[in-house]
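S.K.: sequence and predicted structure below; questions after.
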Amino acid sequence: MNRDLRPIISSHDLQIEEPSAIQPADHFSAANALRFQFERYRTALRKRWWIPVLSLLLLGGPAVVYAVMKPAVFRSQAIMWLTARLALPGGERPFFEEMSSYMSTQGELLKSPAIQLRAFQKIAPRFPELAALGTNVSPENIPFELSVVSSPKHSVLSLETKGRNPEATQAFLNAVMDEYLQLKNGAHQQASAGALSGISEQLKDVETQSKQQQAELIAFEKSNNIAYLTEHGLSAGSHLSKLDELLSDLRTEHRLLETLTPEQFTDASRTEQNSFSDVPLPGERAARAAAAATQPAEAAYYQALQQVELLKAKRDEFAKVLRPSHSKMVKLNQEISGLEQLLNTLKTAGGQRALAQMENRKKSLELQIESLESQHHAWESNAVAASSKLAEHERLKQELQRSQALYDRLLGMVQTVDLNRSLDQEPLSPLAPAGPARRSLLPKIELGAGGVVLAVLVGMGLLVLLETVDDRFISAAELTYQLPEEVVGQIPETRLNLLTNGRRMLRQPEERHAFVESFRSLRSSLFFMFDESARPRMILFTSSVPKEGKSTVAAHLAASLAMSGSRVLLVDADLRRSSLHRIFEVSLKPGLREVLTDGLPAGKAIVPVQVPPALLPESGVESASTRLFLLPGGESGDSSGELLLGNRADSLLRELSAQYDYVLIDSPPMLATDDAIGLATKADGVFMVVRASYTYSRMVREALDRLRKRRVRILGLVYNRAAPSSDYYYRYSRDYRQAG
């Protein structure tokens, strides 16, 4: 078997993952995760059962003893209900309270320290044990426990009192109800008296105020003529409206005259001469005045204009037959020129007259506006004074009416309160008095049960807390769920008996069967998980920390491989703490250290060994197989890591790999030394042994992470010392172990 020592690695067989990318297997559901968690807690309870038991003894035991030794408690019950309340005519409640709130309030009032203290002081003289407590008893020292329960669906209060003396307990509950009713009646009478006194005083004040207001109203009406003021106010309003209209017209006409020129004024007088209506509009008065003043001048102007036109027509007739220098033509021109001068004179005089008329009209309008404004101010002052007096009169009347209405209402309230004071208006009254007190075992049961429950909760809480902190693996399924590497074997936990010949043998046949079958299953995984060309021949066994059983697993797997017909060499490479020689009962020296340091040939150090008794048939006959060989560790010493990393170790492993079908190497733990890392890079693959309920999850992850960083081929995980309940071989061993 001459072949290279380096492992045959394919992309399918080797998957390097970063530590941060390691996640539980995707095919495990949340239900499986819950099942694993439940299994952890069940295992923790099986291993640490003494924690709940100790908690139960330390907490529950004293509680039960105290409950048994506690004096007897007697319980008395009573019922109070909400009766109908008389609704008086005109009566009004000061506020409305919801029924549930009212019942809760009354319940708290019944439990108040003041009522309980008064009830205790009432019954204390009748019972010597209560009188012995003295007169200065505080509400906290009252030897009774009162509870009040109100139902949201019913108007009923259930009262219950607990005490040591049955007669005193019943009397105390009756006294509580009596004191409650007396307190409510006293408060009702006090409230009614206070309300009646306050309303009576307010009634007197309102009556005095009404009389004063009535006197003020009469005096005002005597000093003022209300009818005249009312009529004057109405007429003043109408007159002011007319004055406002006249002032508006005059102001409009005055603004119009400010904007007109004399020519526009004259044209307006001509245009409006024939369009004046019976009711003059703003501006028509000025046009009418201008038209009346300019009628004579206008007549002379138009006569002269007609003459000029006639002379011009006549001149045009003469021009047809006469020359311009003719005496008739000259005379006509002179007459036309004279008439034109007369027209210009008349026109100029008309403009001056129009301007003078405009100024006169403006002054007239200003005087009229000033006069009307003065009248308007006087009438407005009179109207305001009349309105003020009428408003004052109305205010006095309304105040008197309000005072009278308030007086009538207060008078009715006085009558209602006076009637309420003489009636019993407390709606809550006893329906059933306190019944005879009966012995109650419930407090003792509650106290004992409460102590037991508290003890169980504390114990289970401590158990859950410890299990939460503890992250050790308890099952192969959990190992598969939390780590990406495959679990290729599961070795059950076994117990050994010392035989007469000094050899150790498994105690029970079922254990032997399960133990043997577990290594057969691990051997089958090695055979059938890989193709023939990729099957690992040099396999390294390691663990995270010491005492996980890697040496035992390696030894028994090597024996199982040898029993299948393969030549197997088991190399004890844990030079610091060799243990394989004790399993096979051979000498420690010479061994691997002597081969690597002294140049001893490997053949002189390798010894044939027998199959361990655990893998032998039940008859106990040992196998004389010569297919299993062991290279012990040799004498321990320093520099073990350097020896395993040297060239001599490489050549030795290459030589041994060529001579045997399988070479199984037992290496030191991963986290204890770095020796296993150097050997892992030389082997075809690594089996990581994980001990049940021993190895912490963080340690296994750290060890696997170191292997991944060095690109070592991890063949799988071997779960060692599994609980018998989780091993399938135990369940059917009785039926098949003889046939196997």
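M.R.: That came through, no problem. Residues are numbered from 1 along each chain as shown.

S.K.: how many neighbours does R520 have?
M.R.: Burial of R520 is recorded as 18 neighbouring residues (other CB atoms under 10 Å). All C-beta atoms are positioned from the backbone trio N, CA, C, and that covers glycine.

S.K.: state the three-state secondary structure for it.
M.R.: When the structure is reduced to helix, strand and coil (DSSP: H, G, I helix; E, B strand; the rest coil), R520 reads as helix.

S.K.: settle this for me: it is touching L561, isn't it.
M.R.: No. Counting by CB atoms under 8 Å, R520 does not reach L561; the two are 10.3 Å apart.

S.K.: pLDDT weak spots in the stretch 551-700 of the chain?
M.R.: Low-confidence segments of the stretch 551-700 of the chain (pLDDT under 70): 613-625, 637-641.

S.K.: which residues in it form strands?
M.R.: Using DSSP state E, counting those that start in this stretch, the strands of the stretch 551-700 of the chain run over 568-572, 607-608, 628-631, 662-666, 685-691.

S.K.: for the third one, list the C-alpha coordinates in PDB.
M.R.: Meaning strand 628-631. Coordinates of the C-alpha atoms in strand 628-631 are reproduced here as PDB (Å, rounded to 0.1, in the frame of the first residue of the first chain):
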ATOM      1  CA  LEU A 628      -4.700  -5.800  15.800                       C
ATOM      2  CA  PHE A 629      -1.500  -4.100  16.700                       C
ATOM      3  CA  LEU A 630      -0.500  -1.300  19.100                       C
ATOM      4  CA  LEU A 631       2.300   1.200  19.100                       C
END
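
S.K.: list the neighbouring strands of it plus their orientation.
M.R.: Sheet pairing of strand 628-631 (DSSP bridges) gives strand 568-572 (parallel), strand 607-608 (antiparallel).

S.K.: among those strands, which is the most enclosed?
M.R.: The densest packing among the strands paired with strand 628-631, expressed as mean neighbour count by mean count of other CB atoms under 10 Å, is seen in strand 568-572 with a mean of 26.

S.K.: mind checking the longest helix of this structure?
M.R.: Selection of the longest helix in the chain by residue count, based on DSSP state H, yields helix 327-421.

S.K.: and the very next helix or strand once past it, which residues are buried?
M.R.: Going down the chain from helix 327-421, the next helix or strand is strand 428-432, by DSSP states H and E. Neighbour-count burial for strand 428-432 flags L428, P430 (criterion: 16 or more other CB atoms under 10 Å).

S.K.: for strand 428-432, packing partners?
M.R.: When contacts are defined as 3 or more CB pairs under 8 Å, 6 or more residues apart in numbering; DSSP states H and E, strand 428-432 sits against strand 73-82, helix 166-223.

S.K.: nearest to V700, out of the ones you listed?
M.R.: Taking CB to CB as the measure, the helices and strands packed on strand 428-432 were each checked against V700, and strand 73-82 came out nearest at 58.2 Å.

S.K.: what lines up beside the closest one in the sheet?
M.R.: Paired strands of strand 73-82, with direction, are strand 156-163 (antiparallel), strand 428-432 (antiparallel), strand 438-440 (antiparallel) (DSSP bridges).

S.K.: got a list of contacts for the host helix or strand of V65?
M.R.: Mapping V65 onto the secondary structure by DSSP H and E places it in helix 61-69. With contacts defined as CB atoms under 8 Å, 6 or more residues apart in numbering, helix 61-69 is touched by P443, K444, I445, L447, G448, G450, G451, V452, L454, A455.

S.K.: which stretches of the stretch 201-350 of the chain have low pLDDT?
M.R.: Low-confidence regions of the stretch 201-350 of the chain, defined here as pLDDT under 70, cover residues 260, 262-299, 301-302, 346, 349-350.

S.K.: got the phi and psi for A722?
M.R.: phi -70, psi 150 (degrees, to the nearest 10).

S.K.: surely it meets I491?
M.R.: Yes. A722 is within contact range of I491, at 6.5 Å (criterion: CB under 8 Å).
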